[in-house]
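Engineer: show me how the following folds:
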Amino acid sequence: MFRYRALMMGTMVFCFLSCSGQEQGAIDAFLTAVKDKDDAARGAVSSVDFPGDVTSWKVEDMGTESTESFRLPELRREVQSAKRDCDTHLEKRGYLMRDNALVYKEHKAQLEENPEVQFKGELAEFDEQWKKSLQEEQELQAKMQEANAEMQREQNRATISIMGGSVTETFEGEVLVREALVNVDGTPFRFTICKYNLVDKTSSNQPRSRWIITDIEKQS
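Structural biologist: Okay, here's the model as predicted:
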């Protein structure tokens, strides 16, 4: 049953892409899957969900094609850099604790006894440094999480576009991008569709790819 369902889903997507042009075919396949509540077929051509139900639609305009760099290598570097910043900050905090061991111990004990304690003198100076360190850690952690989330989104988009292949750090290439204005049940939406043209630089293997929906925005 599973193999039959997968075969039928692939046949449906192929038919849409072949019969109506690959770009519009991706949109048609996606909206048909949303209309039929077929999550598997929807996920085969899109990295995003549609905000609501669908009855009918019409592609009003297909914008011109542009080219962007494949960002996954850059995003991986950003994640690595953010992790190094977090590690460096934790190392500095360790120095702060070590260089002020007795003050740190007293500071911790008083906070545990009374979280609203008002420090004075040396403890107040340490408390200011400690709070600043914790705030910086939160900011660095948030930056790393944001970078990692964007890296995962880009990897997911690329994986869908190359039809489920493994996108490793050896891949490089470009991304074709188009925007389409689609009227869905009387409401205009801007669809962003992309096609990832990638090559494995170690083997020169270039996987087949297809257009997928990467963003949907309701128009006013």
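Engineer: may I see the buried residues of stretch 144-151?
Structural biologist: By neighbour count on 16 or more other Cβ atoms under 10 Å, the buried set for stretch 144-151 is 144, 147-148, 151. In short, each C-beta sits where N, CA and C put it, glycine included.
Engineer: cool, and stretch 70-85?
Structural biologist: Buried, per 16+ other Cβ under 10 Å, within stretch 70-85: 70-73, 75-76, 78-79, 82, 85.
Engineer: just list whatever residues bridge to F191.
Structural biologist: Here F191 sits in beta bridges with A180, I216, as judged by DSSP bridges.
Engineer: hang on, it packs against I216?
Structural biologist: Yes. Using Cβ atoms under 8 Å, F191 is in contact with I216, at 5.7 Å.
Engineer: N100 contacts F126, doesn't it?
Structural biologist: Yes. With contact defined as Cβ under 8 Å, N100 and F126 form a contacting pair (5.8 Å).
Engineer: and the longest helix seen in the chain, what does it pack against?
Structural biologist: Taking DSSP state H as the criterion, the chain has its longest helix at helix 121-161. Helices and strands touching helix 121-161, by 3 or more Cβ pairs under 8 Å, 6 or more residues apart in numbering; DSSP states H and E, are helix 39-45, helix 72-99, helix 101-113, strand 187-200, strand 211-218.
Engineer: tell me what angle the last one forms with strand 187-200.
Structural biologist: So the one you mean is strand 211-218. 150 degrees (axes from the mean of the first three to the mean of the last three Cα atoms, to 10 degrees).
Engineer: give me the residues contacting strand 211-218.
Structural biologist: For strand 211-218, contacts defined as Cβ atoms under 8 Å, 6 or more residues apart in numbering pick out 17, 22-23, 25-27, 30, 45-48, 50-51, 157, 160-161, 176, 178, 187-195.
Engineer: now, of those, which are buried?
Structural biologist: 17, 23, 25-27, 30, 45-48, 50, 157, 160-161, 176, 178, 189, 191-195.
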